[in-house]
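**Student:** Quick one, what's the 3D model for this:
(chains A and B)
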Amino acid sequence: MFLELLPFYNKYLEPASAYEITNVVQNFPFISILLSLFIGIVCLAVRPKTAMKLVFFNLGACFLLGLSTLIYCIGRGDYFIYVMGQFPAPFGNEIRVGVLEALMATAFALVMFLSLMGGLKHIFHDVLPEKQTYYFLMMEFLFTSLIALIYTNDLFTAYVFVEINTLTACAIVMLKHSKETLVATARYLMMSLLGSGLIMIGISILYDISGHLLMEDIKVAVTALAKTGKYKLPLEVVICLFAIGLGIKSALYPFHSWLPDAHGTSTSGSSAVLSGLVLKAYIILLIKMIYRVFGMEVILNSRVLNILFVLGVLAMTIGSIKAINSRDLKRMIAYSSVAQIGYIYLGIGLGPAGMAAACLQILVHAYTKPMLFNTAGAFMDEANGSRKFKDLVGAARKNMWAGIGFAVGAFSMIGIPLFAGFVVKYNLATAALTTTKLKAIVALVALVISTVLNAVYYIPALMVLFKKTDDTKDIVLFGSKTDVPFVVSNGIFIICNFILGILSFIFIDIIIMGLSMFA
Amino acid sequence: MLSGLISNFYETASIIVFGIGFVTLLLNRNIIKKIIGFNFMDTAIYLFLASKGYITGRIAPIVSERLGDANVVAYQAGTAVPNINNYVNPVPAGLVLTGIVVSVSFTAFFLALAVRLYRAYNTLDLHKIISIMNKEENEE
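**Tutor:** This is a model prediction of the structure:
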């Protein structure tokens, strides 16, 4: 349907091999990775303010490059493979770009741009002046690793970028100058290293039984192995290792203990990027592995999706219960991330039917959670930097614009129609109905309970923030000191939320098209 | 089952070492010991990869007359045919190198973090550090 909207791109629909470069747009994904790496290095040599401008320039450029890649891919109707250097795949390296990859890269660039913009004031306040250059350097490398993880077609390249992602994310948490971030970083780093170890040994065993590192070649080998029944146990072990390894890194329920500390204590811009994007990159890698490395059939036979389904349901409920108990605004939002990640795993656990809803949830959460974290940062400004609810009474009245942003985010998380979160719940529920009876019942009950629980902590939070107190008799729209970048970014986030909520059918079409390119 | 474990002793050993490293990193309270555990874990993976890359009776995949490659010499002497099957698989060695780079950077980062934690809390015991932190938070 969406294809018909872009007929002028159909002229590129000439039958061409996936490897052939027929259009200049095919260079864009590689250019965006290279540009991010290069600007990251340049950031080291310049002053923090200049580094900041460079980062914003790069993110804006990557957004445009990603958008043109997305439009090109939709017009092309097929994926393409970009070979780096002169050597083809097993000797050289390559990236593979389909609609879903381009969509995610575009969305991530925009989210990162807006998150950093919204948290800019806090970044310059929380990070020591001599370390600010490093902050932007790390952000730049983090972004590089995110888009490289999305585009890569090679398992070991994916591993390297997973590690770069972890290292930079830990460094970003640590760069806020305070004692508690040190502890948060130590816990985050420790759990991430456990996850990396499992992923690495998984790749080693998979390379051992398949003999390849390129995703397509592994899939051919794995399909052959699955047919003959050879190496059945190692294959299942590998699938479990990847599921658990990436689960630890994306804070799936029993492995979530590091998340509230890391996301709750870092500066608000970092929290926004960490919860909005870093967690999602690993899940996108997992989805890619399910489709492109193992193949859906092998995954369904291994029944690992059932485990992810159960863990997703547990995450949805227990994450919310923990959020109810927290007395700290940012910690509450961080625990809410655990629950929202549960929704993604619920969608993955439903199998092929729920995958589109899971991808939509990745997008929706990427646009909602950074908004909540940034508005939380704005409230903290009005309460002398305290994150405790008792100090934040009436904070939304002191900064109404942030209050509106928080309300939109909260309504989206609860799942009120017109807001983005509703579409995800609706799609998850309809997807659940197409699966087995037991799964459908469990999924629907979990969705209902989780919605109620979300309301149980977001509504009281809203009531506390909007409470009329003696010193907040007058409503102030933009806070005591107008923070222009935050005002702009919050506005765009609100618009994006409504776009995702009202025009979701376009995004679902694109996602389904992208998923069909995976198989 | 048991004979398989013994005949593949490299793999068995590497998985055991991996388990030791994993549990140390997860459960040990001392941060320095955690770092040692992490290095155990990674080294075990290198052992696994190296043992997978090695094929008994084959040599390093460097084809050069000047280096006196045994196969080239044998070929010139007319006793052997140059054949890809004479060499071991070079890819795992490349993977190990990459893994070492990653592991070194993580170790450096973790050690730097340990230094800062010790300066802030005067202990390297993570449980103690967390309890001190919670106490400070409650006092505020």
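**Student:** For the residue nearest to the spatial centre of chain A, which non-adjacent residue is spatially closest?
**Tutor:** Central residue of chain A (Cα atoms, centre = their mean): A:Lys280, 2.7 Å from the mean position. If the residues on either side of it in the chain are set aside, A:Lys280 comes closest to A:Ile362, at 4.9 Å by Cβ to Cβ, 6 or more residues apart in numbering or on different chains. (Each C-beta comes from the backbone N, C-alpha and C, glycine too.)
**Student:** Assign B:Cys89 to helix, strand or coil.
**Tutor:** No Cys there; residue B:89 is Asn. Using DSSP: H, G, I helix; E, B strand; the rest coil, the structure places B:Asn89 in coil.
**Student:** coming back round to it: element containing the residue nearest to the centre of chain A, please.
**Tutor:** helix A:279-288 (DSSP states H and E).
**Student:** ditto for A:Gly269
**Tutor:** helix A:268-273.
**Student:** so where is the chain shaky, pLDDT-wise?
**Tutor:** All of this refers to chain A. A:1-19, A:89 (pLDDT under 70).
**Student:** that's the wrong chain, I meant chain B
**Tutor:** For chain B, the ranges with pLDDT under 70 are B:1, B:62-84, B:140.
**Student:** Please enumerate the helices of it.
**Tutor:** B:2-7, B:9-27, B:31-53, B:70-76, B:91-121, B:126-139 (DSSP state H).
**Student:** now for the helix holding A:Lys280, which elements pack on it?
**Tutor:** helix A:99-118, helix A:132-151, helix A:155-174, helix A:232-249, helix A:329-349, helix A:352-382 (3 or more Cβ pairs under 8 Å, 6 or more residues apart in numbering or on different chains; DSSP states H and E).
**Student:** 6 Å - rerun?
**Tutor:** helix A:132-151, helix A:232-249 (3 or more Cβ pairs under 6 Å, 6 or more residues apart in numbering or on different chains; DSSP states H and E).
**Student:** Show me what from chain A comes close to chain B.
**Tutor:** Within chain A, the positions lying close to chain B (Cβ under 6 Å from any Cβ of the partner chain) are A:163, A:179-180, A:182-183, A:185-186, A:193, A:197, A:200-201, A:204, A:208.
**Student:** try 8 Å this time
**Tutor:** Selection of chain A residues close to chain B by Cβ under 8 Å from any Cβ of the partner chain yields A:156, A:160, A:163, A:167, A:170-171, A:174, A:179-180, A:182-183, A:185-187, A:189-190, A:193-194, A:197, A:200-201, A:204-205, A:207-208, A:213.
**Student:** Would you show me how to pick out the buried ones of these in PyMOL?
**Tutor:** A single PyMOL command selects the buried members of the residues of chain A next to chain B (16 or more other Cβ atoms under 10 Å in any protein chain shown):
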select buried, chain A and resi 156+160+163+167+170+171+174+179+180+182+183+185+186+187+189+190+193+194+197+200+201+204+205+207+208+213
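**Student:** Looks like the residue nearest to the centre of chain A contacts A:Tyr367 (just checking).
**Tutor:** No - proximity of A:Lys280 to A:Tyr367 does not meet the contact threshold set by Cβ atoms under 8 Å, at 10.9 Å.
**Student:** where's B:Thr43 relative to chain A, distance?
**Tutor:** Relative to chain A, B:Thr43 is positioned 11 Å away (Cβ to the nearest Cβ, to the nearest Å).
**Student:** How much space separates A:Tyr367 from chain B?
**Tutor:** With Cβ to the nearest Cβ as the criterion, A:Tyr367 and chain B are 31 Å apart.
**Student:** Report how many residues lie close to that residue.
**Tutor:** 26 (other Cβ atoms under 10 Å in any protein chain shown).
**Student:** ditto for B:Asn122
**Tutor:** 10.
**Student:** got the phi/psi numbers for it?
**Tutor:** phi 60, psi 20 (degrees, to the nearest 10).
**Student:** distance of it from B:Ile35?
**Tutor:** 19 Å (Cβ to Cβ, to the nearest Å).
**Student:** try A:Leu285
**Tutor:** 26 Å.
**Student:** re earlier: buried sites along the helix holding A:Gly269?
**Tutor:** A:268-273.
**Student:** same check, this time on stretch B:28-47
**Tutor:** B:28, B:30-31, B:34-47.
**Student:** Tell me, how many residues neighbour the closest residue to A:Val160 other than its chain neighbours?
**Tutor:** Leaving aside its chain neighbours, A:Val160 sits nearest to B:Thr98 (6.2 Å; criterion: Cβ to Cβ, 6+ apart). Using other Cβ under 10 Å, B:Thr98 has 15 neighbouring residues.
**Student:** same check, this time on B:Thr107
**Tutor:** 16.
**Student:** re earlier: I figured the residue nearest to A:Lys280 hits A:Met104, correct?
**Tutor:** Yes - between A:Ile362 and A:Met104 there is a contact at 7.3 Å, judged by Cβ under 8 Å.
**Student:** Please enumerate the shared neighbours of these two.
**Tutor:** Residues touching both A:Ile362 and A:Met104 (Cβ atoms under 8 Å, 6 or more residues apart in numbering or on different chains) are A:280, A:284.
**Student:** now A:Tyr335: how far from chain B?
**Tutor:** For A:Tyr335, the distance to chain B - Cβ to the nearest Cβ - is 17 Å.
**Student:** for the nearest residue to that residue once chain neighbours are set aside, helix, strand, or coil?
**Tutor:** Nearest residue to A:Tyr335, sequence neighbours excluded (Cβ to Cβ, 6+ apart): A:Ala323, at 3.7 Å. Three-state assignment for A:Ala323 (three-state DSSP): helix.
**Student:** What separation do you get for A:Ala323 and chain B?
**Tutor:** For A:Ala323, the distance to chain B - Cβ to the nearest Cβ - is 18 Å.
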